[in-house]
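S.K.: The following comprises the amino acid sequence and a computationally predicted model.
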Amino acid sequence: MAAGGAVMKLTRRDLLTAFLGAPIAMAACREGNESTFPVGEIVGQNATLGHVLREMRSFEVPEGNWEAKKVAIVGGGIAGLTAAWKFRKENFNDFVLLELEKEPGGTSKSTKGEPVGYPWAAHYLPVPFKENTELVSLLDEMSLTEGRDSAGEVVVKEQFLCREPEERVFYKGRWYEGLYLGIGASEDDKRQFAGFQRHIDEWVNWRDASGKRAFVVPLANCSTDAEITALDRISFGDWLRRQGFTSERLIWFCDYATRDDYGLKADQASAWVGLFYFCSRVRKSGVESQPFITCPEGNGQFVNHFVDKVKTHIRPSQMVVSVVPTENGVDVICLDDGELRGIHCEKVIFALPMFTAPYIIRGFRDDPPFAATEFQHNAWFVANLFLKDRPKPRFAKDFPMSWDNVLYESPSLGYVTATHQKGIDYGPTILTYYYPMCHEPEGRTKLFNYDWKQLADVCLTDLSRAHSDIYELTTRIDIMRWGHAMISPRPNFIWSGVREKAMKPYRSIHFAHTDLSGIALFEEAFYHGLRTAGEVI
Ligand SMILES: Cc1cc2nc3c(=O)[nH]c(=O)nc-3n(C[C@H](O)[C@H](O)[C@H](O)COP(=O)(O)OP(=O)(O)OC[C@H]3O[C@@H](n4cnc5c(N)ncnc54)[C@H](O)[C@@H]3O)c2cc1C
């Protein structure tokens with residue numbers, strides 16, 4: 001590995017082998033089809049925070065740079081924005097939201113673009129069950145709904161629900177409908193898939209003595225029955241093996257699920273979260289999983305709504321460097337364009353990733369209220385490819401371009417098509433390509449040692465197997481490297497007790513981040529934003 005963040009000096013073959021495996025690398029180097037390479041850049045994320053925290057020993061705020069607010073929300077991702085939204089709903093206005101980046105949104109941010117906007121990470125929200133009343137009220141407020149059905153479940157307007165065709169999978173040179181590879185499945189594959197489905201149905205219908213479901217969103221409403229939490233102690237891969245599942249395509253399907261939602265392989269994720277993925281959004285056995293709400297910007301649409309509601313309270317480009325508990329409350333110190341500013345607060349909502357707490361909260365290390373090192377994150381890179389036209393299908397009968405387009409023989413997650421939801425099926429488009437670094441033990445460090453050209457090469461080489469014209473069609477690729485993309489729900493984390501401790505306030509500091517659920521989801525960030533807003537007022 002290159003030292004000090006220098007670019008990795010690798011042959012192209014080494015690079016492609018590391019990301020895509022030897023067979024793909026060999027074929028790509030033989031073909032050498034990267035002659036027309038698009039332009040682009042690495043975008044986003046302020047990378048100076050760690051440096052500032054290491055270099056600056058004391059944060060002396062000039063006398064005239066202090067002000068007072070009842071509450072400061074630190075961090076403007078979904079959790080922080082939700083808390084701010086709740087404050088405004090409750091008519092509480094003596095607060096400020098401090099965000100590091102120029103734009104709030106965190107891992108739900110998006111960019112406005114042509115012909116449509118596009119996401120940088122989160123891109124969908126499943127329709128919530130009726131019990132998730134606050135989330136339903138957000139959807140009502142955003143005019144995404146058109147009433148309730150006879151069972152009282154929210155009905156989302158057709159134009160906001162992911163339109164068909166929703167997903168397809170590329171396998172041995174062709175595209176097929178859906179994510180489970182049905183084509184060529186043997187009788188044994190079919191039997192195992194049906195057996196897996198029976199397990200899911202059982203867990204969906206399971207209730208504990210108090211009537212709680214095994215898996216439901218938000219996670220706070222899940223049963224804590226020992227039978228269920230024991231599933232957190234083994235990996236999903238182990239669980240599948242213990243049930244006797246060996247079908248390659250079933251194992252792939254489950255592995256895809258955990259890589260997609262948690263950035264972990266099935267052998268790295270706990271069995272509890274593996275089953276949560278399949279069960280938590282299914283109302284009862286035999287019923288489809290809840291449909292997805294999406295739009296070109298993905299979950300950026302929720303960020304935009306929140307920002308619209310609370311914009312006067314948001315201060316962007318504010319790097320919070322110190323949160324200091326005092327006798328009367330909490331002081332928050334931030335770096336504003338090179339100048340230190342301070343806010344005396346009664347309470348703080350700390351909506352940053354949990355691992356940052358010991359670095360930012362003064363006194364945390366001396367008497368830690370919870371083990372911050374238990375909150376471990378994985379790294380991803382996300383690329384947005386700007387295409388002047390659609391890739392040509394190789395075969396007339398290929399399943400058509402869908403919202404989600406997955407490559408079976410790739411460690412990436414494939415791409416989402418930004419124009420899909422708008423029904424723009426011809427001409428220029430933007431493809432958002434996702435790559436979780438779960439195949440690399442040192443994923444994060446390595447990610448930051450690859451430059452734009454290397455990551456763009458990985459992405460184009462991967463996609464060129466399905467779209468041989470991708471080089472000619474792509475005019476630009478921008479890439480976001482997410483060093484701490486999402487919390488890793490590995491075995492023995494979710495039900496280890498560390499989350500419960502971290503959810504308790506520490507000296508007038510209330511923690512709110514999706515990390516506190518042990519899984520990275522919009523609904524979980526929303527839940528913790530609401531929870532802390534409620535605690536504070
Ligand atoms: C690649 C990817 C795809 C995803 N896809 C989906 C999806 O489709 N659906 C879904 O529901 N979820 C998805 N997620 C998860 C989802 O994005 C998160 O659960 C949710 O947005 C987290 O919100 P948050 O507020 O808890 O945290 P974050 O998004 O981490 O927000 C934290 C905020 O704090 C700011 N910050 C950090 N340090 C400082 C500082 N020192 N001072 C001030 N501000 C600071 C950051 O800039 C950021 O804005 C995805 C995540 C990733 C990475």
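M.R.: Sure thing, it's come through.
S.K.: The ligand contacts on this protein?
M.R.: Within the chain, the positions near the ligand by Cβ under 6 Å from any ligand atom are 49, 74-80, 98-101, 104, 106-108, 121-125, 299, 318-320, 351-353, 380, 382, 434, 482, 485-486, 513-514, 520-522, 525. Heads up, the C-betas are built off the backbone N, CA and C, glycines and all.
S.K.: Mind checking which of those residues are in helices?
M.R.: Under the assignment DSSP state H, these contribute Leu49, Ile78, Ala79, Gly80, Phe522, Ala525 to helices.
S.K.: Just flag the most distant two among those residues.
M.R.: For these, the farthest-apart pair by Cβ to Cβ is Leu49 and Phe522; their separation is 23.7 Å.
S.K.: count of neighbours near Val155?
M.R.: 12 (other Cβ atoms under 10 Å).
S.K.: what bits of the stretch 301-450 of the chain have low per-residue confidence?
M.R.: Along the stretch 301-450 of the chain, no part satisfies pLDDT under 70.
S.K.: All the strands of it, in order from the start?
M.R.: 314-315, 318-325, 330-336, 339-350, 377-387, 404-407, 415-417, 429-436 (DSSP state E, counting those that start in this stretch).
S.K.: what's the closest of those strands to Gly195?
M.R.: Closest among the strands of the stretch 301-450 of the chain, using Cβ to Cβ: strand 404-407, at 23.1 Å.
S.K.: chain center to that closest one: distance?
M.R.: 17 Å (Cα atoms, centre = their mean, to the nearest Å).
S.K.: for stretch 485-504, same thing?
M.R.: Per Cα atoms, centre = their mean, the displacement of stretch 485-504 from the mean C-alpha position of its chain is 16 Å.
S.K.: now do stretch 138-145
M.R.: 22 Å.
S.K.: State the mean pLDDT of that stretch.
M.R.: Per-region confidence: stretch 138-145 scores 98 on mean pLDDT.
S.K.: Among Leu49 and Phe522, which residue is more densely surrounded?
M.R.: Per other Cβ under 10 Å, whichever of Leu49 and Phe522 has more neighbours is Phe522, with 24 against 18.
S.K.: ok, now which ones touch the more buried one?
M.R.: Ile78, Ser108, Ala122, Leu125, Asn299, Phe302 (Cβ atoms under 8 Å, 6 or more residues apart in numbering).
S.K.: Report the spatially nearest residue to it, omitting neighbours in sequence.
M.R.: Closest residue in space to Phe522, ignoring its immediate chain neighbours: Leu125 at 5.1 Å, by Cβ to Cβ, 6 or more residues apart in numbering.
S.K.: Surely the one you found and Asn299 touch.
M.R.: Yes: if you go by Cβ atoms under 8 Å, Leu125 and Asn299 touch, sitting 6.2 Å apart.
S.K.: Tell me which residues of the lengthiest helix in the chain come out buried.
M.R.: In terms of residue count, the longest helix belonging to the chain (DSSP H) is helix 187-205. For helix 187-205, burial by neighbour count (16 or more other Cβ atoms under 10 Å) applies to Asp189, Gln192, Phe193, Phe196, His199, Ile200, Asp201, Trp203, Val204.
S.K.: next one: stretch 64-71
M.R.: Of the residues in stretch 64-71, Lys69, Lys70, Val71 count as buried by neighbour count, 16+ other Cβ under 10 Å.
S.K.: Please state the offset of the longest strand along the chain from the chain centre?
M.R.: If you go by DSSP state E, the chain has its longest strand at strand 474-487. Put simply, strand 474-487 sits 12 Å off its chain's centre (Cα atoms, centre = their mean).
S.K.: circling back: adding neighbour count and distance to Gly184, write the contacts of Phe522 out as CSV.
M.R.: Formatted as CSV, the contacts of Phe522 follow (neighbours: other Cβ atoms under 10 Å; distance: Cβ to Cβ, whole Å):
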residue, neighbour count, distance to Gly184
Ile78, 33, 40
Ser108, 27, 38
Ala122, 25, 33
Leu125, 25, 34
Asn299, 26, 35
Phe302, 28, 40
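S.K.: Tell me the spatial nearest neighbour of Pro119, not counting adjacent residues.
M.R.: Per Cβ to Cβ, 6+ apart, closest to Pro119 is Gly298, 3.2 Å.
S.K.: dump the residue contacts of the one you found.
M.R.: Neighbours of Gly298 in contact, by Cβ under 8 Å, 6+ apart: Ser108, Ser110, Tyr118, Pro119, Ala121, Ala122, His123, Tyr124, Val416, Thr432.
S.K.: ok, now Asn405?
M.R.: By Cβ under 8 Å, 6+ apart, the contact set of Asn405 is Glu167, Arg168, Phe170, Trp175, Gly414, Tyr415, Val416, Thr417, Leu431, Ala466.
S.K.: Do you have the strands of the stretch 151-300 of the chain handy? List them.
M.R.: Remark: strands assigned in the stretch 151-300 of the chain by DSSP E, counting those that start in this stretch are 154-156, 167-171, 174-177, 292-293.
S.K.: could you dump those to CSV with mean pLDDT?
M.R.: Formatted as CSV, the strands of the stretch 151-300 of the chain follow (pLDDT from 0 to 100):
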stretch, mean pLDDT
strand 154-156, 98
strand 167-171, 98
strand 174-177, 97
strand 292-293, 98
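S.K.: want to try JSON lines for those strands, with distance to Lys501 as columns?
M.R.: Shown next, in JSON lines, are those (distance: least, Cβ to Cβ, whole Å):
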{"stretch": "strand 154-156", "distance to Lys501": "34"}
{"stretch": "strand 167-171", "distance to Lys501": "39"}
{"stretch": "strand 174-177", "distance to Lys501": "46"}
{"stretch": "strand 292-293", "distance to Lys501": "33"}
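S.K.: Torsion angles phi and psi at the residue in the chain sticking out farthest from the centre?
M.R.: Distance to the chain centre peaks in the chain at Glu63, reaching 40.3 Å (criterion: Cα atoms, centre = their mean). The phi/psi pair for Glu63 (degrees, to the nearest 10) reads phi -40, psi -50.
S.K.: what are the bridge partners for the closest residue to Leu413 other than its chain neighbours, then?
M.R.: Nearest residue to Leu413 in three dimensions, chain neighbours excluded: Tyr434, at 4.1 Å (Cβ to Cβ, 6+ apart). On the basis of DSSP bridges, Tyr434 is bridged to Val382.
S.K.: quick one, what contacts Tyr434?
M.R.: Asp260, Trp380, Val382, Ser412, Leu413, Gly414, Tyr415, Val416.
S.K.: Looking at the residues you listed, which one is closest to the ligand?
M.R.: The shortest approach to the ligand among those belongs to Trp380, at 4.6 Å (Cβ to the nearest ligand atom).
S.K.: Which single residue in the stretch 351-500 of the chain comes nearest to the ligand?
M.R.: With Cβ to the nearest ligand atom, the shortest gap between the stretch 351-500 of the chain and the ligand falls at Ala485, namely 3.6 Å.
S.K.: is it true that that residue touches Pro353?
M.R.: No: taking Cβ under 8 Å as the definition, Ala485 is not a contact partner of Pro353, at 9.9 Å.
S.K.: Please enumerate the shared neighbours of those two.
M.R.: His377.
S.K.: neighbour-wise, which of these two wins?
M.R.: Taking other Cβ under 10 Å, Ala485 and Pro353 do not tie; Ala485 has more neighbours (25 against 22).
S.K.: By neighbour count, which of the contacts of Tyr434 wins?
M.R.: Most crowded among these, counting by other Cβ under 10 Å, is Val382 at 28 neighbours.
S.K.: Surely it touches Trp482?
M.R.: Yes: contact criterion Cβ under 8 Å: Val382 and Trp482 qualify, at 6.7 Å.
S.K.: Mutual contacts of those two, please.
M.R.: Ala121.
S.K.: Assess the claim that Thr432 and Tyr415 are in contact.
M.R.: Yes: Thr432 is within contact range of Tyr415, at 5.8 Å (criterion: Cβ under 8 Å).
S.K.: Now for the two: what residues contact both?
M.R.: Shared contacts of Thr432 and Tyr415, counting by Cβ under 8 Å, 6+ apart, come down to Leu385.
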